[in-house]
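# sequence? don't have it. structure:
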Ligand SMILES: Nc1ncnc2c1ncn2[C@@H]1O[C@H](COP(=O)(O)OP(=O)(O)OP(=O)(O)O)[C@@H](O)[C@H]1O
Ligand SMILES: Nc1ncnc2c1ncn2[C@@H]1O[C@H](COP(=O)(O)OP(=O)(O)OP(=O)(O)O)[C@@H](O)[C@H]1O
Ligand SMILES: [Mg+2]
Ligand SMILES: [Mg+2]
């Protein structure tokens, strides 16, 4: 058997079925999104029948100051709360794996509570809490509440990654003079990165998508996009929401593609250097 | 509160239903008065109440609230009296919606718009099924199986059931309310969906023959599909009136009053109706409206029916009973 | 020698109820090359891990340079370790793995670069700087682990079978590199190995452990020639251990009787009718067809096994017991089946009480060497 | 010998551009004990992994029992492996790890139980049945790995340094257990080890690899006594390789001149003025204060190193070059500084063309043994 | 063996912030919920004294029981389907070339950055009688009359699975990604077939991921009320709707609070059971 054929069959041995499967799942995930995108170009104001093609809604969307403001708010809240819940959640997950202590089961069980409390109760309770300590609603309260409900997702996801972590590798780092912090940064964190990234994505998603809790903890000047959209949906999804969603998806996709290309370039360059030396 | 940002910056925080006042109105208001309007939105009175209750009323200056929560807000000292002198355009408001039971002297509330719960039918489908709707009891027609969309609201549905069985739609008597469950259970088999958000879609896309929906949804469905008609039954409809109220802890009462006055200017009110064609309570504005509004029987509801309609009242603790039968109906 | 750099006092380590290290007392001197030797599972790794600080001490104290280190974390101890399972950082290149410790010490980049290059050269991994550990062979990984620890010039280096995955040739080179480095830099090495030759050549002292207990500690020659317990005699090198019985104690020596013959040996401290062990190393056993004064032990040559530089001969005694002896390949060998008499030089046998398991040399065992003898 | 059970034909393995196994041709016979020997990173593990099916073959074919196995998955090959890094299942007890293969074969529970117990006894892990791998020492883990593979009685067993983490004593026992098992069950063993003695004693044949190339394959004695390349001579055992120059070829032998002396040796196939290598093993080198016919190589004793059963002596030649020789501990040794003449038995030196790197024995090297010689 | 640290500073640094955070922002609200569950409701949807157990007594209610058991069943179905669909998918992603993995992960999450209501609306458009799927199927001629897909229990389940799938996939991915290849090789070497390698080695080793994934699916699924409203036509009630209604239409906050506490309790008990059964003690 010649090399080419072998390499081909080697890749193929694993690929075709699983590739097909992955594509099907992606299809499932993107099916409704495709509809959203399609109807963003619909001339009709309702998402029932595609009547004609137009860019009208995109123009309208940019004119919608409230929509744009709430979009900006959403990005800020999601960004800040994701970073915080990542830091808190990751540290907590690693700590829970590393250390044995009396309150351990309390801490780890309390992680489930924010997920288990119905959103509406949690939202109201949060709001009562804030107003009882005289913190008025606004970005701050919004971010705090988002951190609170997304942190457990980070912690739980990272914990699943940390479980069974090879201790000797951390030991080696400490042995070589790295303190707890440096060991965490240089060894533990890189090794649990897939878990951290997964957790971060979940946190980001939770935050971008939250309506109920945000409703209660947002102030007048901190309305978020989902709140806005929910309101618009109540009166029938108007295509400018579709347009915004489409732009969000396209924007992210473009960023993703660019970063992927940049990364590949970088790798190629490094690879080139390697083979030279 | 988190109301004003920046010194000298005039801000009015308004807490409003979603999609009720278009941005252009706010823009124009700012242009004319220099007061920036910051709008927050809710999608049910209870949400609004819950938020005010939990977070205090100093978050907002002006709130748009339905008639049946005005009493509650008064009782809880959430709102303050309005200086009607500041609102010259009050004269534009249709007198039939002024001085209602919940606020006889309009001390606390100034009406804004009204909502009517109407029956909309798809003429073609109804003909196909051989159904005509003359009374609520016609909704029980077995031919309508899985062919009705209704609002997802316990009070509205119970009111229909109570009226169909000849009871007081604002009853607070537990036994009476529970009596409505039978009727509702009969209706259940005909219901395809409970949808307060976008029932017009089901109507317009020919998926249901009949809808018990808010008039604005009916109006939109009519725009989409010329087979949709509004029908009035022997029983009266339910209606609610949305009012402007000023929160007790508002720091910008004057701005709020200025805004109420602004909204009831005929041209401004027209702007609103053009964008969100609800039940017009501003007589001056109505005269300015063009045919696309006036001819839509969903938006521009029959005035006689509007007057005949039964105003949804606050039932106090009895709300629990209404919810109970609703829960039972859905289990 | 001054104060020991490492001192273990009554150290006990338990896993659950399992005592795996039992009242260990051990002093390791500054600059010393100490080897831990012992059967699999005897607690060598555990002992190293306690010194490095990865494992808590159940009982007892460990002192590093006179200080009790109970509260010191691994990174606060000036000790580096080469792990038995390598424990390389899987997400770092070879280069980054090796540089890890220096980066922690905030050494200048240019210096790190240069020292890493030196280390890589020493462990013969040139050209693999950018490889990831997953792309390396077992022996290559082990060399990275060594380099990673060595580069830090620690006061104490703990090495857990650091050369186990290397071939003989490379192992020899690394042995001498390590040994020279240790001498030159004055690092204290605590070394675990299964290679006895390695232990004997490299160590200043060897500590023999068994089942969590320290059996004997001494220079390689002491351990090899004067084992103090049967376990040590048996464990280090090969040994023929024979059961015997003292029949007579006279000036000429003690007469011992075995199932298969008898002999007269020189020794003190034994009484008549005592059961003893006789221990003779295979390379000290000799055979001849002729009679030998004082020895009267006969057997037949059973097989010759070729093992490189020497030939191993198994002789079956009358009782069926087998003794092993080795002789240089160049010696003439008796054919299988030949009946031979077995003997040894009087100073090369060890006799040992069975009860106390205490070994006494018959006569002090000294190899006559003209001039000096280089020890390890 | 019939058809080989494993046949590698022109097998090449590349990682990216890196050829780590180069046109390997190897036939392994049914029931044979074949050892792969070679320096770290030479491709031994890779070769085993290709046979087992974990690594695809870049070029060439592998046949198991005459069938091309390119398309067979590891679980479809009647081959079991003892992995260099153990690869124990961390979530299973020792018992369950060992039973894994039998459970896969749907062997009856009672039989599994019994066979597992036997294996555990063989690898001396009684009492650890319920332990998890994380609770075991390096050597203990390795024994579990051996037991886990052995219990399946495969037709072919691949062992990647299976005894590397065991102490000498235990290793010897396991060696003999493995060897007997292999003989008794007729399993074909492909064995990787770094322990030359192990390779020499256990193997039927040894394949020496270097840089992905098969250098020589043969019986232990062939490999040891008749190395065919300088690499093999150098790699197996210790060897003194000396540069020399042929000055004269006569009936009496060839006269070679070195920087530090000269000698007359018997050999054929060499021409005058040719550069050659002389290879002599340390145990074959001898020294004396007297003159030796044909040898005229002088040096001074530099040091003696004690390594257990033998003493290693380093002699520094006039040129500054050092040669190593070993002698039994019992021999008398010259004091350091003594001037000695070095010589060897004519049949114990090997002479080799430098150009072709092809070795010829001066005279066929045979150790004279009365009677039979047990090989391996 | 876990270490007994003499110096506990690192522990406090790692767990402390999260613990404090939880104590303030979860415990305090939780106390509030407990508090109001013992109060009486007032007529206008607030709470007032006196303290009473009335809410807890009214928990014993046949329709609540039905709703709870129906919700638990739905959540269970959702979790199982998500695991069944998500596991192989996570496996494929975790085994994709390293440089593509980030992209593939991001592709999973991307749709979820669009508001959930809009996404579910997308499903609505697809599934309705005159929706995309029915039109396509009819135009191809596979079916003659439109299928009834929307406003069925199946649609609710579909919506739930859709909303929660990434919450299953991501932890699974994180734990599958670290699988030691050599263990799979060892299993294969010992004669295990692919399915057996999965059940005997991969599955137990990725248990922490399965655990995390099912928690993150099961618990939130109990509270997702808008799915049943939008995909099921709101004709059946689940715990989420029930509790929401207590606050937003029945104006019975104490009962809502009591129901919430019951829900939390059930969740915690189920978690404990789950960790016991899956012998995942270490995870919880
Ligand atoms: N985590 C653990 N839990 C329980 N027992 C353990 C644990 N680690 C090691 N042991 C046991 O402690 C004993 C000593 O282990 P250690 O690793 O120190 O042995 P070792 O001398 O290094 O052996 P080897 O030469 O085989 O590596 C062994 O019997 C081992 O089974
Ligand atoms: N995944 C890989 N990618 C790239 N190179 C590799 C990979 N695995 C092994 N190599 C290289 O292939 C060569 C042969 O490796 P192999 O593991 O077969 O060596 P080995 O003979 O078993 O060595 P050792 O005795 O040290 O275990 C080595 O140089 C190694 O660096
Ligand atoms: Mg060990
Ligand atoms: Mg290898």
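Thanks, I have it. This one's a predicted model, so the numbers in the text were calculated from it and none came from an experiment. Ligands and ions are numbered 1, 2, ... in the order given.
# so how many other residues sit close to whichever residue of the stretch 1-150 of chain A sits closest to ligand 1?
Of all residues in the stretch 1-150 of chain A, residue A:100 sits closest to ligand 1, at 14.6 Å by C-beta to the nearest ligand atom. For every residue, glycine as well, the C-beta is placed using N, CA and C. Here the count is done by other C-beta atoms under 10 Å in any protein chain shown, and residue A:100 has 12 residues near it.
# likewise the one 10 residues further on?
Residues contacting residue A:110 under the criterion other C-beta under 10 Å number 19.
# and if you look at residue A:185?
Neighbours of residue A:185 (other C-beta under 10 Å): 13.
# can you verify it is assigned to a helix?
Yes - applying DSSP: H, G, I helix; E, B strand; the rest coil, one finds residue A:185 inside a helix.
# what residues does stretch A:109-122 touch?
A:92, A:125, A:145, A:148-149, A:151-153, A:155-156, A:210, A:212-213, E:22, E:26-27, E:29-30, E:33, E:215-216, E:219-220, E:222-223, E:239-240, E:243-244, E:247-248, E:256-257, E:260, E:263-264, E:267-268, E:271, E:284 (C-beta atoms under 8 Å, 6 or more residues apart in numbering or on different chains).
# sort out which of those residues are in helices and list them.
A:92, A:125, A:145, A:148-149, A:151-153, A:155-156, A:212-213, E:22, E:29-30, E:33, E:215-216, E:219-220, E:222-223, E:239-240, E:243-244, E:247-248, E:256-257, E:260, E:263-264, E:267-268, E:271 (DSSP state H).
# whatever residue of chain C ends up closest to chain E and ligand 4: what is the separation?
Relative to chain E, the nearest point of chain C is residue C:71 (4.8 Å; C-beta to the nearest C-beta). Here residue C:71 is placed at a distance of 41 Å from ligand 4 (C-beta to the ion, to the nearest Å).
# any regions of chain C where pLDDT drops low?
Along chain C, the parts satisfying pLDDT under 70 run over C:1-2, C:307-309, C:329-331, C:355-376.
# thought residue E:131 was touching residue E:124?
Yes - Residue E:131 is within contact range of residue E:124, at 7.4 Å (criterion: C-beta atoms under 8 Å).
# joint contacts of these two?
Counting by C-beta under 8 Å, 6+ apart, the contacts common to residue E:131 and residue E:124 are residue E:150.
# can you tell me how far the residue of chain C closest to chain E is from residue A:175?
17 Å (C-beta to C-beta, to the nearest Å).
# compare the two and say which is more crowded by neighbours.
Neighbour tally, residue C:71 and residue A:175, criterion other C-beta under 10 Å: the higher count belongs to residue A:175, 29 against 11.
# which residues in chain A form helices?
Under DSSP H, chain A gives helices at A:3-39, A:56-63, A:65-98, A:104-110, A:113-116, A:119-132, A:139-162, A:167-175, A:180-183, A:189-209, A:212-217, A:225-234, A:239-276.
# with mean pLDDT and distance to ligand 2 added, can I get those helices in TSV?
Formatted as TSV, the helices of chain A follow (pLDDT from 0 to 100; distance: least, C-beta to the nearest ligand atom, whole Å):
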stretch	mean pLDDT	distance to ligand 2
helix A:3-39	73	14
helix A:56-63	80	50
helix A:65-98	91	29
helix A:104-110	83	38
helix A:113-116	87	41
helix A:119-132	89	48
helix A:139-162	93	24
helix A:167-175	89	19
helix A:180-183	88	27
helix A:189-209	92	19
helix A:212-217	90	48
helix A:225-234	78	47
helix A:239-276	73	12
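# okay if I get the ones you listed as a markdown table plus distance to residue D:328?
What follows is these, written out as a markdown table (distance: least, C-beta to C-beta, whole Å):
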| stretch | distance to residue D:328 |
| --- | --- |
| helix A:3-39 | 55 |
| helix A:56-63 | 95 |
| helix A:65-98 | 56 |
| helix A:104-110 | 64 |
| helix A:113-116 | 76 |
| helix A:119-132 | 84 |
| helix A:139-162 | 58 |
| helix A:167-175 | 43 |
| helix A:180-183 | 52 |
| helix A:189-209 | 53 |
| helix A:212-217 | 85 |
| helix A:225-234 | 88 |
| helix A:239-276 | 52 |
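# can you get me a residue count around the residue of chain A found nearest ligand 1?
Proximity to ligand 1, evaluated over chain A using C-beta to the nearest ligand atom, is greatest for residue A:167 at 10.3 Å. Other residues near residue A:167 number 16, with proximity taken as other C-beta under 10 Å.
# then residue C:58?
14.
# same question, residue C:213
16.
# so how far is residue C:42 from it?
In terms of C-beta to C-beta, residue C:213 sits 8 Å off from residue C:42.
# alright, I will stop here.
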